[in-house]
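[1] Quick one, structure for this:
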Amino acid sequence: MKRLLRWLAGTLLGIVLLLVVAVLLLNTSMVQGRLVEEAVGALKEKLQTEVKVGRFQVRLIGQDIRLEDVEIEDLQHRKMFILKELGVELDLWRLLDREIRITDAKVKGLEAHLYKDSTDTVANYQFFIDAFKKKHKKKAQEVKKDTVKKHKMNIDFDKVKLEDIKVTYNKESASLGSLFIRKDKNDMLMGEVHDLASSWIQKTKKGLVDTRLHIGTIRLSNHDEQHLLNIGGIRYITDNGKPRKNAGKPKRGFFDVGHLDLLAEMDVNVLYTGKDSVVAEITRCQVKDSVSGIDVRELKAHIEANKKVAHIKKFRISLPNTTLKFDEATLQLPSKKQGRKLAYKTSLITGSTLLKDISRVFAPVLKNFTEPLYLQTTLTGNDEGMQFSNVKVNTKQKDLTINAKGYISGLKDKYKLHVHFDVNRMTAQGDSKERIISHFPVKKFMMKQLHNLGTIGYIGTFDVLWKREQFAGLLITKPGNINFSFALNENTKYVEGTVRTDSFELGQAMDMPDLKKVSCQATFKFDISKPRTAIMRRKVGGKLPMGEVYAEVNDAKYKLIHVRNTVVSIKSNGAVAEGDVNIRGKRLDVLCTFSFTNTNEMNKIKIKPKLKFHGLLGGKKAKREEPEVSDAELKAARIAQRAEERVARNAEREVLKAQREEERAARKAEKEAAKAARQAERDARDAARRAEKEARKAAKEAAKAAQQQDE
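    The predicted structure is shown next:
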């Protein structure tokens, strides 16, 4: 027994001594150098390329591994992978529990240069993947026979630090200044990222766009079991190598997706994270582009999202003089794999705005628009277009109110872009018309006549198409109602259209008391080309619009003359407007010409008619034309037209009756629109409640899944 015990003790001591010697030898540079040479040789043979390792060190006592100056070339002998330093400290005793515990890891000076010239060529890193790919897979029968369950090796860490990381793929690149992640005493992650940058080339329909993104800092901290994420110094730059869209076009806004230089920063509270879901709050977000004029002062929202849908609550965005907010919105996230497209809907959006906030970005003509507008709408849409319902816009005094609905389609192609709105009712009271127009830096024609119209109501539509705007509808004014339709053609630079009225007090509108009610239809065409009109202004001067009007007057009264079947044509060169009137009667034709130079002095126009009589002299041929009209001739003309006047009065009564019916129909339409708006608002509230219920259900399921996962 003594000999056996001495033999066992000696054997154990020998094993311990051998282990100690092995550990000491493994910690010597000579042995480790030899091991590196063997490993590098095997790796060269496997990869069939050049591999270099400057230094490899393993310290079993200190439980750490160090690797320095590693280089791997691709098959074209280009440096594909470079690593200056890798250091890992391990808790080797955790290996007994099938767990790799990294207490401290550091990677410094990592560079990867990856290439794939085209879709039909092999990437320069593919050989590396193929070398370590499993050659043979188990057959189905062998898998069934393998009844032993394999336990996965768990990997955990305490601290990880990355420094000076660079990756390039063809012409795209990404870099990282530093990243430091650690776990606090509650086993929650904390960390910082500095100088994260990326650059790539976007392929768009209009060509290539050089794009760069840089994030200065990302800080992750914990407070009351919440993850607080602070992102600062975000800079997003695009450059398509072309002049800005508004170059040489002062009326065009500065917004150009090919020339962006955005600066942003934000704070996010991450309330919950699961396998497929996240709940977070954006508590602060600011975005600014000093060139284009984009200036988002505040953005806040509560977000609950999974792979399929995102629910947004308590959304609020503020510009310098604009605030928009809504309580709830649902966003369906797109997925090509599952055939799911982008779609969204919101609850009622409310807010106020000064249009000058978007003047530099989109419309410089709004730069002086300081009239505050209050608005609301409900929005639904997808990646192709959007629909607006329950649209209401009004001024603070509510002397301008608009109720409408509409849509925008063809968002992916500007040539197919179509903006359409149905104006259910617009009312402009008092001097709101002149006040609104005064905000625009445009020439103001016929402002006095506009004032004479009094309160204006409008029911109709407007459309914005590629280089064309169209307007149509019914204009309700104090002197009478007018049906109109006109279009602004940006290609030809002309405004063309038609107007029609059954009864309109034209004299009241034009400050010409001798001119009474008019029933007519007219077509017009005006030149809005600045180069063309500038040439004419230099030649003749003047302040009148340039264009022409052709009207057919069904019924009109001027002084004591009551006429029908009248044709009027007016042509203006900008300085002088000249007109011709041709009135055809049963026994009398009236011909006259007139001209004016100022629309604000229409009452000073002198009209000298010329008459043609026929059928009044017992079949004898009357004089073809008389230079002047005598009292006897006017008396005879009045007697001859009394019968026609009676018919005209009856027609006038019919016009008034039709007008009243039209007003009743408009009021009925307004009531129906208000009813539909209330129903839409109720539907939106119901949809919001359903979305909230679904969101709470999803959050509960996510929390339950997370709890089961923890258990």
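[2] Only C-alpha atoms from now on, for both contacts and neighbour counts.
    Noted.
[3] list the buried ones in the strand or helix carrying residue 55?
    Assigned by DSSP states H and E, residue 55 belongs to strand 51-59. By neighbour count, with 16 or more other Cα atoms under 10 Å as the criterion, the buried positions of strand 51-59 are 51, 52, 53, 55, 56, 57, 58.
[4] hang on, the last one packs against residue 65?
    Yes. If you go by Cα atoms under 8 Å, residue 58 and residue 65 touch, sitting 4.6 Å apart.
[5] mind listing the helices for the chain?
    Ranges of helices in the chain, per DSSP state H, are 2-26, 29-47, 126-131, 140-145, 432-437, 447-452, 506-510, 530-540, 631-710.
[6] Among those, show the one with the smallest mean pLDDT.
    Lowest mean pLDDT within these: helix 140-145, at a mean of 50.
[7] need the contact list for the residue positioned nearest the centre of the chain.
    Taking Cα atoms, centre = their mean, the centroid of the chain lies closest to residue 411, which sits 9.5 Å from it. Counting by Cα atoms under 8 Å, 6 or more residues apart in numbering, residue 411 touches 383, 384, 385, 417.
[8] Narrow those residues to just the buried residues.
    Buried among those (16+ other Cα under 10 Å): 385, 417.
[9] Show me which of the contacts of residue 411 is closest to residue 496.
    Comparing those against residue 496 with Cα to Cα places residue 417 closest, at 21.6 Å.
[10] strands paired with the strand holding residue 55, and their directions?
    When pairs are called by DSSP bridges, strand 51-59 turns out to pair with strand 64-73 (antiparallel).
[11] distance of the residue nearest to the centre of the chain from residue 384?
    Look at residue 411 and residue 384: by Cα to Cα, to the nearest Å, they are 5 Å apart.
[12] quick one, strands of the stretch 151-300 of the chain?
    In the stretch 151-300 of the chain, the segments counted as strands under DSSP state E, counting those that start in this stretch are 154-157, 159-169, 172-183, 189-204, 207-223, 226-239, 259-273, 277-288, 295-296, 298-306.
[13] and of these, who's closest to residue 556?
    When the strands of the stretch 151-300 of the chain are compared by Cα to Cα, strand 295-296 sits nearest residue 556, at 55.6 Å.
[14] Listing partners with orientation, what would you give for the closest one?
    Counting by DSSP bridges, strand 295-296 is paired with strand 277-288 (antiparallel).
[15] can you pull the buried residues of stretch 402-421?
    Buried residues in stretch 402-421, counted by 16+ other Cα under 10 Å: 402-409, 411, 417-421.
[16] How about stretch 214-225?
    Using 16+ other Cα under 10 Å as the test for burial, stretch 214-225 gives 214, 215, 216, 217, 218, 219, 220, 221, 222.
[17] hang on, the fourth one packs against residue 231?
    Yes. Contact status for residue 217 versus residue 231: in contact at 5.8 Å, counting by Cα under 8 Å.
[18] got the contact list for residue 459?
    So residue 459 contacts 423, 424, 425, 426, 473, 474, 475 (Cα under 8 Å, 6+ apart).
[19] from the buried residues of stretch 402-421, which is closest to residue 685?
    Checking these against residue 685 with Cα to Cα, the nearest one is residue 405 at 18.2 Å.
[20] need the contact list for the nearest residue to residue 383 once chain neighbours are set aside.
    Leaving aside its chain neighbours, residue 383 sits nearest to residue 342 (5.7 Å; criterion: Cα to Cα, 6 or more residues apart in numbering). For residue 342, the contacting residues are 331, 332, 333, 334, 382, 383, by Cα under 8 Å, 6+ apart.
[21] I'd like to know which of those residues are buried.
    Buried members of these, scored by 16+ other Cα under 10 Å, are 331, 332, 333, 334, 382.
[22] measure the spatially closest residue to residue 680 that is not a sequence neighbour to residue 346 for me?
    Of all residues not flanking residue 680 in the chain, residue 390 sits nearest, at 7.2 Å (Cα to Cα, 6+ apart). Residue 390 sits 12 Å away from residue 346, going by Cα to Cα.
[23] follow-up on the earlier one: only alpha carbons, please: show the strand holding residue 55 as CSV.
    Extracted in CSV, the C-alpha atoms of strand 51-59 (Å, rounded to 0.1, in the frame of the first residue of the first chain):
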residue,chain,number,x,y,z
VAL,A,51,-1.1,35.3,-44.7
LYS,A,52,1.1,37.1,-42.2
VAL,A,53,0.9,37.3,-38.4
GLY,A,54,3.3,39.6,-36.7
ARG,A,55,2.8,38.4,-33.1
PHE,A,56,0.7,35.8,-31.3
GLN,A,57,0.6,35.6,-27.5
VAL,A,58,-1.3,33.3,-25.2
ARG,A,59,-1.1,33.7,-21.4
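[24] How far off centre is that strand?
    54 Å (Cα atoms, centre = their mean, to the nearest Å).
[25] pLDDT of that strand, averaged?
    Mean pLDDT, strand 51-59: 80.
[26] now do stretch 175-192
    The predicted model gives stretch 175-192 an average pLDDT of 85.
[27] ok now do residue 579, which residues does it touch?
    By Cα under 8 Å, 6+ apart, the contact set of residue 579 is 568, 569, 570, 571, 593, 594, 595.
[28] Low-confidence stretches in the stretch 101-250 of the chain?
    Scanning the stretch 101-250 of the chain for pLDDT under 70 picks out the ranges 134-155.
[29] centre of the chain versus stretch 692-709, how much separation?
    Stretch 692-709 sits 32 Å away from the centroid of its parent chain (Cα atoms, centre = their mean).
[30] Repeat that for stretch 71-88.
    44 Å.
[31] Equivalent analysis for stretch 163-181, please.
    Taking Cα atoms, centre = their mean, one finds the center of stretch 163-181 at 31 Å from the center of the full chain.
[32] Buried ones in it, by neighbour count?
    For stretch 163-181, burial by neighbour count (16+ other Cα under 10 Å) applies to 163-168, 172-181.
[33] For those, work out which two are farthest apart.
    In these, the most distant members under the criterion Cα to Cα are 172 and 181, with 26.4 Å between them.
[34] Neighbours of the closest residue to residue 501 other than its chain neighbours, how many?
    In space, and not counting its chain neighbours, residue 501 is closest to residue 482: 4.8 Å by Cα to Cα, 6+ apart. Using other Cα atoms under 10 Å, residue 482 has 19 neighbouring residues.
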